[in-house]
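Asks: structural data only, the sequence is not supplied:
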């Protein structure tokens, strides 16, 4: 049976999960904000960029799929540490592949590590967030997701600064990788082992991890899991498309400078963050179904405006609506 946590332990646990959400967003925006520079350094076309992103997406799906097995075998606490270290390594390899070896294959390998680690940690940090929500008895998961968005805002802003000050991709990604590794070890020290997050708290549980795997897989016998999956797939396309293509779209589609492209990603991320902060009250006020419908329509309108806008200011408006919707 789990021991009750002190208030200080609960506060540290909550702060650690906030930091992990932030680190995940930080890693994504670090890569996304430098796509135009990577494209130039590797001298590749948009088809090759698309294949790179496809590789990262496939790796992310693999990470999502393996997360259940990792949870059952090691628990969320140790699993998150391993996953964060994997995507931090991926961020660093992207920089090395871009500016040291000028290797398309090495950058793809870095993106694969990046996608694998982020996909796995995505599941486990949400498991932790749900456990904290259950512990405190309040709806705070939208706020955890807001911290992911804070990470993308900070990452995109730092990306814009890196471009402005002429930092190459190697320096930028190496510094960010070190920051993420520090976050990984600090948060690991402050996340308690809990049965609810499938952490093996004694030797007997370590021996019977297959029972925890059976429990974790039980969700797939619930039809609503698949309905939620379809909704999440659509929103993942909408959000992931922005993270991967928004900066490049502004540079090549609308003739903006690289720093303006990174700034466009920042606007998207800020807008998304604001709506996530107020996500709980929105759902409580209007209900889940209507909130989903209205925001999905807003995202669609923003995406269309981003594509078709004749001026850069309207492109920024489209990016803001796009971010608010997703």
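Replies: Perfect, thanks for sending it. What you see is a predicted model, and the numbers here were worked out from it, not measured in a lab.
Asks: now the helices for the stretch 101-250 of the chain?
Replies: For the stretch 101-250 of the chain, helices defined by DSSP state H, counting those that start in this stretch occupy the ranges 104-136, 141-164, 169-188, 203-207, 209-217, 223-248.
Asks: any idea of the angle the last one forms with helix 141-164?
Replies: If I follow you right, that is helix 223-248. 20 degrees (axes from the mean of the first three to the mean of the last three CA atoms, to 10 degrees).
Asks: before we move on, back to that, least reliable of the helices of the stretch 101-250 of the chain by average pLDDT, please.
Replies: Among these, helix 203-207 has the lowest mean pLDDT, at a mean of 62.
Asks: and for the closest residue to residue 104 other than its chain neighbours, the neighbour number?
Replies: Nearest in space to residue 104, with sequence neighbours left out and distances taken as CB to CB, 6 or more residues apart in numbering, is residue 42 at 5.4 Å. All C-beta spots, glycine's among them, are computed from the backbone N, C-alpha and C. Using other CB atoms under 10 Å, residue 42 has 20 other residues around it.
Asks: wait, what's in contact with residue 42?
Replies: Applying CB atoms under 8 Å, 6 or more residues apart in numbering to residue 42 gives the contacts 48, 98, 102-104, 107.
Asks: now swap in residue 191 and tell me
Replies: 13, 16-17, 76-77, 80, 128.
Asks: again with residue 317
Replies: Contacts of residue 317 by CB under 8 Å, 6+ apart are 302, 305, 309.
Asks: name the nearest of the residues you listed relative to residue 321.
Replies: Using CB to CB, residue 302 is the member of the contacts of residue 317 that sits closest to residue 321, with 2.8 Å.
Asks: before we move on, what SS does the closest residue to that closest one other than its chain neighbours have?
Replies: Leaving aside its chain neighbours, residue 302 sits nearest to residue 321 (2.8 Å; criterion: CB to CB, 6+ apart). Using DSSP: H, G, I helix; E, B strand; the rest coil, the secondary structure recorded for residue 321 is helix.
Asks: quick one: buried residues of stretch 243-263?
Replies: Buried residues in stretch 243-263, counted by 16 or more other CB atoms under 10 Å: 243-251, 254, 256, 258-263.
Asks: quick one: terminal-to-terminal distance for that stretch?
Replies: Stretch 243-263 has an end-to-end distance of 12 Å (CA to CA, to the nearest Å).
Asks: picking up where we left off before, would you confirm that the residue nearest to residue 302 contacts residue 298?
Replies: Yes - the criterion here is CB atoms under 8 Å, and residue 321 meets it with residue 298 at 5.7 Å.
Asks: more neighbours: the two, which one.
Replies: Just comparing residue 321 and residue 298: by other CB under 10 Å the higher neighbour count belongs to residue 321, 21 against 18.
Asks: what sits against that one?
Replies: Per CB under 8 Å, 6+ apart, neighbours of residue 321: 271, 298-299, 301-302, 305.
Asks: give me that answer again for 7 Å
Replies: Contacts for residue 321 were tallied using CB atoms under 7 Å, 6 or more residues apart in numbering; they are 298, 301-302, 305.
Asks: of these, buried ones?
Replies: Buried among these by 16+ other CB under 10 Å: 298, 302, 305.
Asks: narrow those residues to those in helices?
Replies: 298, 302, 305 (DSSP state H).
Asks: which one of those residues is nearest residue 162?
Replies: Nearest to residue 162 among those, with distances taken as CB to CB, is residue 302, at 26.2 Å.
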